[in-house]
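Asker: make a model of this:
(one chain, ligands or ions: 1)
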Amino acid sequence: MENPVAVVGGAGRVGRLVVAGLLEQGERVRVVSRRARAAGAAESFRADIRDRASLAAPLAGCSAVVISVEPGTADRGPDSPEATMYQGVRNVLDAATAGGEKPHIVLVSQIYVTRKGHPINAQGRMLDWRLAGEDAIRASGLPYTVVRPSWLTGGPRGGAVRLEQGDLGDGQISRQDVADACVQALYSPSALAVTFEMYNAPGAARTGWAELFQGLAPDLSTAR
Ligand SMILES: NC(=O)c1ccc[n+]([C@@H]2O[C@H](COP(=O)([O-])OP(=O)(O)OC[C@H]3O[C@@H](n4cnc5c(N)ncnc54)[C@H](OP(=O)(O)O)[C@@H]3O)[C@@H](O)[C@H]2O)c1
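Answerer: As a prediction, this is how the structure comes out:
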């Protein structure tokens, strides 16, 4: 990419794998974390997604921004999903475009976001606010990819990956596969303007990312 790629939550478990994948691709990477940390070949920035001003420097002039942030579960206030997954996402959109840039935004969301009755939604309306953050990205006019992992597992790549749309499924996906999807989405036109769920599909043959992304339907303006 012409300019750096910022990873908000880049010190997290998925975030670190995204950072490593981007460095492997030869990108200049900015790790955005609430603590300043050593980040190897990446540049480290201290910022909080809830604080718009703190995002100005790390997101200025970026070609892409990956968001992989774990929200709090409070009903309201700074530890609520509203603060991170909705207002925080809006802060990112605002800060990343302040200089007229049009970066590719990749959001790590989750399955269940359209299933309001799921017990996870009792945690600060986590699902409603995640969906509102997704909607803000879909309505932003920016190039974007919304990734909805199923239950995350550790360890290496988890065999074959299945992408779905419509938020109907259930299952597991390895963090490494989620990170790979976030990185590969930046290089695939078929991964633009799409929202998809991710599952590992044990026993199935592994497919390349280009082929997986080509199987996706682009979001309609009202589609979820
Ligand atoms: N657990 C599951 O089964 C599951 C399923 C589907 C989706 N997901 C989602 O997948 C994503 C990645 O998960 P993970 O396991 O990699 O999470 P993780 O290891 O807990 O990392 C999340 C990162 O979020 C960052 N963060 C939290 N609040 C922040 C704030 N206010 N401003 C900036 N950064 C903040 C933290 O960074 P610092 O502490 O460095 O600031 C942390 O490193 C999360 O959104 C998670 O909710 C999880």
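Asker: contact partners for the closest residue to the ligand within the chain?
Answerer: With Cβ to the nearest ligand atom as the measure, residue 12 is the residue of the chain nearest to the ligand, at 2.2 Å. No exception for glycine: its C-beta is placed from N, CA and C like everyone else's. Neighbouring residues of residue 12 by Cβ atoms under 8 Å, 6 or more residues apart in numbering: 68, 69, 70.
Asker: please apply the same query to residue 51.
Answerer: Contact partners of residue 51, counting by Cβ under 8 Å, 6+ apart, are residue 91.
Asker: now the terminal residues of stretch 60-76, how far apart.
Answerer: Length of stretch 60-76, first residue to last, Cα to Cα, to the nearest Å: 29 Å.
Asker: element containing residue 152, please.
Answerer: Following DSSP states H and E, one finds residue 152 within strand 151-153.
Asker: mind listing what that strand pairs with, with the direction of each?
Answerer: Strand 151-153 pairs in its sheet with strand 172-174 (parallel), by DSSP bridges.
Asker: can the partner strand be found next to the ligand?
Answerer: No: Strand 172-174 does not reach the ligand (Cβ under 6 Å from any ligand atom); its nearest approach is 7.9 Å.
Asker: poorly predicted segments of this protein, please.
Answerer: For the chain, applying pLDDT under 70 flags the ranges 158, 221-224.
Asker: which residue ranges form the strands in it?
Answerer: Assigned by DSSP state E, the chain shows strands spanning 5-8, 29-33, 43-46, 64-67, 104-108, 144-149, 151-153, 161-164, 172-174, 194-200.
Asker: and the ones you listed, which is most packed in?
Answerer: strand 5-8 (a mean of 30; mean count of other Cβ atoms under 10 Å).
Asker: residue numbers of the protein in contact with the ligand?
Answerer: 8-9, 11-15, 33-35, 48-50, 68-70, 84, 108, 110, 149, 151-152.
Asker: please render the strands of the chain as a markdown table that adds distance to residue 75 to the earlier fields.
Answerer: Below are the strands of the chain laid out as a markdown table (distance: least, Cβ to Cβ, whole Å):
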| stretch | distance to residue 75 |
| --- | --- |
| strand 5-8 | 24 |
| strand 29-33 | 26 |
| strand 43-46 | 28 |
| strand 64-67 | 22 |
| strand 104-108 | 23 |
| strand 144-149 | 23 |
| strand 151-153 | 24 |
| strand 161-164 | 31 |
| strand 172-174 | 29 |
| strand 194-200 | 26 |
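Asker: residue 136 against residue 88, yeah?
Answerer: No: assessed by Cβ atoms under 8 Å, residue 136 is found out of contact with residue 88, at 10.2 Å.
Asker: between these two, tell me which one has more neighbours.
Answerer: residue 88 (24 against 19; other Cβ atoms under 10 Å).
Asker: residues contacting the more buried one?
Answerer: Taking Cβ under 8 Å, 6+ apart as the test, what residue 88 contacts is 49, 50, 67, 69, 133.
Asker: nearest spatial neighbour of the first one, chain-adjacent residues omitted?
Answerer: Leaving aside its chain neighbours, residue 49 sits nearest to residue 88 (3.5 Å; criterion: Cβ to Cβ, 6 or more residues apart in numbering).
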